[in-house]
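Asks: predicted coordinates and the sequence they were generated for:
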Amino acid sequence: MIKKGITIRPEDTDIKKTDKKNIEDYNIEEIRGWTIDELNKIEEKINIVITRYFSPTKEHEFKTIVLNSSIVSTGAKMKILRNIDSFDNKMISKVQTLMNTRNAFAHLPLAKSATITITNKEGNLVWNLENISTQLDIMNSSGEIKKKNTKELIVEYQNVLAEVNTYLESYFTHSI
């Protein structure tokens, strides 16, 4: 039997959240953690959608045991959502995009890329470093690996994340 505990508020923790307000101020380690944490929040909302759909008599146990990520992967939860008629399948694709990006940040090394211009000045080659950027190799849903600029990927992640969160909030108020 699982016993329910007390609710701990965010301010009641020994591990504080960052004071940084803008993702652009995060270093790479913070960005990696942020992408993981944000997808965890989405997965928790998906757990609520699935739990409400099935309406188990032991709701807490269903969420903490049956929907536990070590038992049912996020990918498997997407398959469950595909079978809930009221859930928009386009959002499932967007969650899968978030999953791919999160996996890239969690598991892949960053690669540096440089843009260099070479000019000929009176018979001498002059090399000029235009910019340096970081990239990740992202595998899309078709299995193709694409190089993505890390900063652009973060912006894309934020935009898709906002869209999915907006949809889920609307889903909770209109569908259930």
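Replies: Right, received. Where do you want to start? Residues are numbered from 1 along each chain as shown.
Asks: could you pull up the contacting residues of Ile71?
Replies: Ile65 (C-beta atoms under 8 Å, 6 or more residues apart in numbering). C-beta coordinates here come from the backbone N, C-alpha and C atoms, glycine included.
Asks: figure out the helix or strand that it lives in.
Replies: Using DSSP states H and E, no element contains Ile71; it sits outside every helix and strand.
Asks: could you check how far it is from Phe62?
Replies: Look at Ile71 and Phe62: by C-beta to C-beta, to the nearest Å, they are 11 Å apart.
Asks: with Asn124 instead?
Replies: Distance from Asn124 to Phe62, by C-beta to C-beta: 72 Å.
Asks: out of these two, which sits in the busier spot?
Replies: Regarding Asn124 and Phe62, a neighbour count based on other C-beta atoms under 10 Å identifies Phe62 as having more, with 17 against 7.
Asks: that's a helix at the more buried one, yeah?
Replies: Yes - assessed with DSSP: H, G, I helix; E, B strand; the rest coil, Phe62 lies in a helix.
Asks: thought it was touching Pro56?
Replies: Yes - between Phe62 and Pro56 there is a contact under C-beta atoms under 8 Å: 4.0 Å.
Asks: any low-confidence regions in the chain?
Replies: 1-4, 10, 141, 175-176 (pLDDT under 70).
Asks: show me where this structure has strands.
Replies: 111-121, 124-139, 145-149 (DSSP state E).
Asks: Asn89: which of the ones you listed is closest?
Replies: strand 124-139 (20.9 Å; C-beta to C-beta).
Asks: so what strands line up beside that closest one?
Replies: strand 111-121 (antiparallel), strand 145-149 (antiparallel) (DSSP bridges).
Asks: contact partners of that strand?
Replies: 28, 100-101, 104-105, 108, 110-120, 145-151, 153.
Asks: figure out how far that strand is from the centre of its chain.
Replies: 27 Å (C-alpha atoms, centre = their mean, to the nearest Å).
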